[in-house]
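S.K.: Quick one, structure for this:
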Amino acid sequence: MQQDVDARQNEDSLAEWLTLVATPGLGVARLEKLLTHFSGNVSNIFKASASDLIECGMNQLQIDAILQPNQTFIRQSLAWLAADSNHFALPIDHPLYPPLLKQTASPPLILFARGQLSILSNPQLAIVGSRNPSHSGKTCARSFARDLAACGWTITSGMALGIDALAHLGALDAQGNTIAVMGCGIDAIYPKKHAALAASILANQGLIISEFAPNSPAKPENFPRRNRIISGLSLGTLVVEAALKSGSLITARYALEQNREVFAIPGNIFNPMAQGCHHLIQQGAKLITSVQDINEEFELFFAAPKSSSSIKSQKNSQQSLATERLLDSVDFEATPLDIVAERSGMTLSEVMSQLLEYELRGLVTAVPGGYVKLGEK
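M.R.: Numbering: from 1, shown residues only. Okay, the predicted model is just below:
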């Protein structure tokens, strides 16, 4: 009987928070003023009269939203929460609400979540970047995420196309933790083609979160709001590739405003997807060439990436067997076969034969337009 009463009380409390979420223009600053006026008790807000709320500076739309709650919105949200034991809703006063996010200027009043809630308190590093990355950008995103996750970081990103998805996959490669922050309702996956990725995140003790309640569509204006959560949850943000005008730079700007670290990986000066990273570096972001460049900025406990020394030793051994002249003729960007032949002084048939062997040994990979040299994994 007591459990039923407690459940009812929790449901009533959450219904109040959902009502506040649905109140137009009600953010943390206005809520703090309301709580100051109503003795710090959320329930007292709903016992107030319209004149009391006017006295607190609330407009008619806000007063209507509080005195006449959107019951459909509340029922749908509570139904989603009750549908699965791994569905959660954390009001900002909940003890499990992430403290780093709570410290930001505009934290969500409620976080919806599904998956392994405990990892929300882990040290997180955000990895973001272009939706259309270059080959080297793809390689960097996945390998950095893998090695950072192996060090103990929880990798946080937005599950968008490109760098975001590769960051999640890299963390999963290392059997590490990853958190996806959505720009749509918690009951949906956007983009839909990442349904399998979302399932993999959840199956491997990961977490999907959103400030948007069930049945909320993916609107363009949602994604900058999502970005402030990605950076707000994280101790630092790593930008892998980004154009000068991109959502990734918005995330980096939020990180700076939130007094968090910003890291950027340099790229080819002719690659437009590297211009955003170069701009960040010029503005003071730390230039990153290795996982150690990030780890040294934080006094946290980190284990060395699993088998990193043995992998490096094996890689160096393989490279020593390669024809240096030929390998040096292949860039980290797509290099046409005729350019490789010209640089190495070898015939085209010799180049093709040797590069095939190098590809099997993991030294290069074929891409549209030629071959790309692979960095250390």
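
S.K.: in stretch 85-97, what counts as buried?
M.R.: For stretch 85-97, a neighbour-count test (16 or more other Cβ atoms under 10 Å) marks 87-92, 94, 97 as buried. All C-beta spots, glycine's among them, are computed from the backbone N, C-alpha and C.

S.K.: Just flag the most distant two among the residues you listed.
M.R.: His87 and Ile92 (18.2 Å; Cβ to Cβ).

S.K.: and after the helix or strand containing Phe223, which helix or strand comes next?
M.R.: Phe223 is part of helix 222-233 when elements are defined by DSSP states H and E. For helix 222-233, the following helix or strand on the C-terminal side (DSSP H and E) is strand 236-239.

S.K.: Identify all contacting residues around that next one.
M.R.: 125-129, 144, 230-231, 248-249, 251-252, 255, 260-265, 276-277, 280, 285, 288, 294, 297-298 (Cβ atoms under 8 Å, 6 or more residues apart in numbering).

S.K.: buried set for stretch 108-120?
M.R.: 108-117, 119-120.

S.K.: is Leu90 in a bridge, and if so with what?
M.R.: Leu111 (DSSP bridges).

S.K.: so what's it up against?
M.R.: With Cβ under 8 Å, 6+ apart, Leu90 has these contacts: 96-97, 110-113.

S.K.: and if you look at Thr335?
M.R.: 329, 370-373.

S.K.: Distance across stretch 22-42, terminal residue to terminal residue?
M.R.: 15 Å (Cα to Cα, to the nearest Å).

S.K.: Report the mean confidence score over that stretch.
M.R.: Average pLDDT, stretch 22-42: 90.

S.K.: Going by neighbour count, list what's buried in it.
M.R.: So, applying 16+ other Cβ under 10 Å, buried residues of stretch 22-42: 22-23, 26, 30-31, 34, 37-38, 42.

S.K.: I'd like the residues you listed laid out as CSV, including distance to Met58.
M.R.: Shown next, in CSV, are the buried residues of stretch 22-42 (distance: Cβ to Cβ, whole Å):
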residue, distance to Met58
Ala22, 14
Thr23, 8
Leu26, 8
Arg30, 8
Leu31, 11
Leu34, 8
His37, 10
Phe38, 12
Val42, 15
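
S.K.: Looks to me like Pro95 is in a helix.
M.R.: No. Going by DSSP: H, G, I helix; E, B strand; the rest coil, the assignment for Pro95 is coil, not a helix.

S.K.: And the pLDDT for it?
M.R.: 93.

S.K.: cool, Thr347 as well?
M.R.: 85.

S.K.: Ile208: which element?
M.R.: Per DSSP H and E: strand 207-210 holds Ile208.

S.K.: I'd like to know which elements that strand is packed against.
M.R.: Under the contact criterion of 3 or more Cβ pairs under 8 Å, 6 or more residues apart in numbering; DSSP states H and E, strand 207-210 touches strand 110-115, strand 178-181, helix 195-203.
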